[in-house]
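In: how would this look folded up:
(one chain, ligands or ions: 1)
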Amino acid sequence: MERLTVSLLLVMLAGAPTRQQETLDWWQTTVLYQIYPRSFKDSNGDGIGDLNGIKEKLDYIKETGIGAVWISPIYKSPMVDFGYDISDFRDIDPVYGTMEDFISLKDKMKELGIKLVMDFVPNHSSDQHEWFKMSVKKVEPYTDYYVWVDGKIDPKTGERQPPNNWISVFGGSAWKWNEERGQYYLHQFAVAQPDLNYRNPAVVKEMNDVLRFWLELGVDGFRIDAVPFLFEDDQLQDEQRSDVETALPTDHSYLQHDLTQNLEETYDLVKQWRQLVDQESAKDGITRAMMIEAYAPIENTMKYYGNSSEPGGHFPFNFLLITELRKGFTAQNVEDVINQWMDNMPPGGWPNWVVGNHDNKRVASRFGKDLVDAVNMLVMMLPGTAVTYNGEEIGMEDTFISWEQTKDPQALNAGEERYELFTRDPERTPFQWNDSTSAGFSTNPQTWLPVNPNYKTLNLEAQLLEPWSHYQVYKHLVATRSADTIQKGGLFVKALSDAVLAFVRELEGSDTYVVVMNLGKERKIADLTVFDSLYQSLTVHIPSSNSGFHQGQSVATSKINLPPGAALVLISQHQ
Ligand code: GLC
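Out: From the prediction side, this is the model:
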C-alpha cells in the first residue's frame, strides 16, 4: 500500500492528473508503427519490399487504427547496413522506388490521416557519399566533413596504429586507414559508415538543410538514429575496460563508452534540431515531431527530453522493456522498469513504450509466444505513446537464419562461430500477410531474407478470421487508447507476486481501466483489491487469446483465475 501512495505522489509530481484539461497532440495519442521497408510488402516481385508495397498496405494500417508510421531509411544507399548507410540524404533508393513514388505514398497517407515519420540518420553517411569521396581527396569544403586523424607509430615495431583503442558497435577498431588520404577515419558503426564531424559548422548546416528538405516535402517528423554517437572526446583518449567479463577485446561491450557517447555537445545539437523542426510547425500550427534513438544510461536518456525552455526530442525512445528485462520477465522487474521511466522523466515529459524494433529479437521469441498479448497490453495501456514494430501485432517470431543466409553486417563481422549472438536478421524477415507464396509479401519465392516457415499458420489473414487472435486483441487495444482514461489518466502499478503484474489507469469522472497479467508458467489467482479504488466486480474488456475469458464477462475483483500467460484489460465502470 505504501508503494501505491508513493506512486500516486510521483504521478502527481509528474503532473499527470492536470493533463485532464490538456488537449493532447497527435504524437501523444497515436500508436507509432515502425515499418522496416525491405520486409513489409514487395510490389514488383524482386523479393525486396518497396514504397508502392507500403502504399498498397495503407488501408490495413488505417483499419488497424494506427495514426503514425515511421519508415526505416529509404534513402539512396549501397545497403551495407540496409539503408543506414546513406549515399544521398535527399534521394530515394531505386530498390524502394522513386521520388514520385515517395510523394504519392506521402499524399495517400495525408489523405488517410496517417502521419509520416522519416528516419533521419545524422551520425554517419555511406563511404560512397560524394561528401566522403571529396573528403578523401581533401576537396573543400569537404576536407573536414568527417573525423580524420593521423595514426600513431608503435615505438617498438615502427608500425602504424589507430590513434586510440575505440571499438566500433559492429566490432573491431572504430578507425579505418585510408591509403589515399593517408589518415584514419572514425566509424562508430560499419567501416562503410564514416562518422560525420559535427564540430565542423558546415556539417551542421548541411544536415539542417537535409532536415528542411524533408520538412518542405511534407513529412510529419523524424526518428533520429544513433544520437548518442554524434560527438566523441576531442582529446581522443582511450576508453576504459567495461565490466562485461564475457566480452572479447574486439567487442563493443569490451569498453566503457563515456568518451564516445552522450557528450554534452550532443544534447545541444538535438535542441538546435528541435528549434528547426519547431519553426516548421509554427508555420501551420501542426507539430512536426522528433523521436530520439538513444540506448543510454537512464540519466543520459532523460537529457534528450531537454527542458521546458530548451526542449530536445518530443521523446527519447523508452527501451527499458527491452534492455532491463534481460535479467528476467518477472512482475517485479516490470514494475521497476515502469517506475524507472515514470520517476526519471523531467517535468512535463511525455512517456512512451517500445518493446521491439529491427535491432532486437521478436517479442514472441524474447518473452515467449504465450506472452504476446500481455506485452502488447503493457505497451498500449501504459500512459504515453505506444510504439509497434511491424509484425508484433500478429506475434511474429524470430526466423532462424543460417550463417550462409546472413546479411546483417554486425553478424558478418562477428564470424561464423559467434554470429548468432549479434545477428539482427531473425527479426527482419518478411511480414507474414497470408499463406500464399512468400507469405503474400512477394510474388517471388526468393526473398532477400527467407520467410519464416511458420507463415502457413502464423499470418494476418488467418488472424483476421479468428475473433481473439493476437491481431484482434491488438486492434481492440488500439481502439481502447482513445479512451480519456488511457490518454490522460494516472497510473498505479503493482507486482502482486513474482508472476502477476497489475496496473490501474484512473481519471476522475471516467471509467477506470485495470490491466492484469500472469507472466509465470503456472495458473495464478490475482487479487486486485489491493487497489482500493476498484468496485467489487470488474468487466472483461479485452481478453488475451489464451486467457479463457470473454469480452463482457464479469469477474470478482478479489479473485481472478489466470492461466499462464493470460492477460486482461478490465473496466471498473464509472457510475
Ligand atoms: C541504429 C539503427 C541500426 C543501425 C545503426 C547505425 O541503431 O537502428 O539498425 O545499424 O543505428 O545506423
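In: Now do the helix or strand Asp373 falls within: distance to the chain's middle.
Out: Here Asp373 sits within helix 372-381, counting by DSSP states H and E. The chain centroid and the centroid of helix 372-381 are separated by 15 Å under Cα atoms, centre = their mean, to the nearest Å.
In: Identify all contacting residues around it.
Out: Residues external to helix 372-381 that are found in contact with it (Cβ atoms under 8 Å, 6 or more residues apart in numbering): 31, 321, 334, 353-355, 363-364, 367, 386-388, 392-393, 395, 470, 473-474, 477-478, 480-481, 486, 503, 505, 513, 515, 517-519, 542, 544-546, 565-567, 569. In this view, the C-beta of every residue, glycine as well, is placed from N, C-alpha and C.
In: just checking, next helix/strand downstream of it?
Out: strand 385-389.
In: Sheet-wise, list the partners of that next one with their directions.
Out: In the sheet containing strand 385-389, the strands it pairs with under DSSP bridges are strand 31-35 (parallel), strand 352-354 (parallel).
In: wait, is Asp119 part of a strand?
Out: Yes. The assignment for Asp119, made by DSSP: H, G, I helix; E, B strand; the rest coil, places it in a strand.
In: need the residues of the stretch 351-500 of the chain near the ligand, please.
Out: His358, Asp359 (Cβ under 6 Å from any ligand atom).
In: The same query, at a cut-off of 8 Å, please.
Out: Asn357, His358, Asp359, Pro409, Gln410, Arg424 (Cβ under 8 Å from any ligand atom).
In: Next step: those residues restricted to helices.
Out: With DSSP state H as the criterion, helices contain Pro409, Gln410 from among those.
In: Spatially, which two of the residues of the stretch 351-500 of the chain next to the ligand are the most separated?
Out: Largest separation among these by Cβ to Cβ: Asn357 and Pro409, giving 16.9 Å.
In: Check the stretch 51-200 of the chain for the residue nearest the ligand and tell me.
Out: Using Cβ to the nearest ligand atom, the single residue of the stretch 51-200 of the chain nearest to the ligand is Tyr84, 3.4 Å away.
In: ugh, wrong one, the stretch 101-250 of the chain
Out: Ala226 (4.0 Å).
In: Not counting sequence-adjacent ones, nearest residue to that residue?
Out: Among residues not flanking Ala226 along the chain, Asn123 sits closest, at 4.5 Å (Cβ to Cβ, 6 or more residues apart in numbering).
In: what do you get for Lys271?
Out: The spatial neighbour of Lys271 that comes closest, neighbours along the chain excluded (Cβ to Cβ, 6+ apart), is Glu310 at 5.0 Å.
In: What's the local residue count around the one you found?
Out: Neighbour count of Glu310, defined by other Cβ atoms under 10 Å: 13.
In: ok, back up a step: which of the strands paired with strand 385-389 sits closest to Val219?
Out: By Cβ to Cβ (comparing all of those), the closest turns out to be strand 31-35, at 13.7 Å.
In: could you point out which element follows that closest one?
Out: Along the chain past strand 31-35, the next helix or strand (assigned with DSSP H and E) turns out to be helix 51-56.
In: Off-centre distance for that following helix?
Out: How far helix 51-56 lies from its chain's middle: 21 Å, per Cα atoms, centre = their mean.
In: and that helix, which residues are buried?
Out: Along helix 51-56, the positions that meet the burial threshold by neighbour count (16 or more other Cβ atoms under 10 Å) are Leu51, Asn52, Gly53, Ile54, Lys55.
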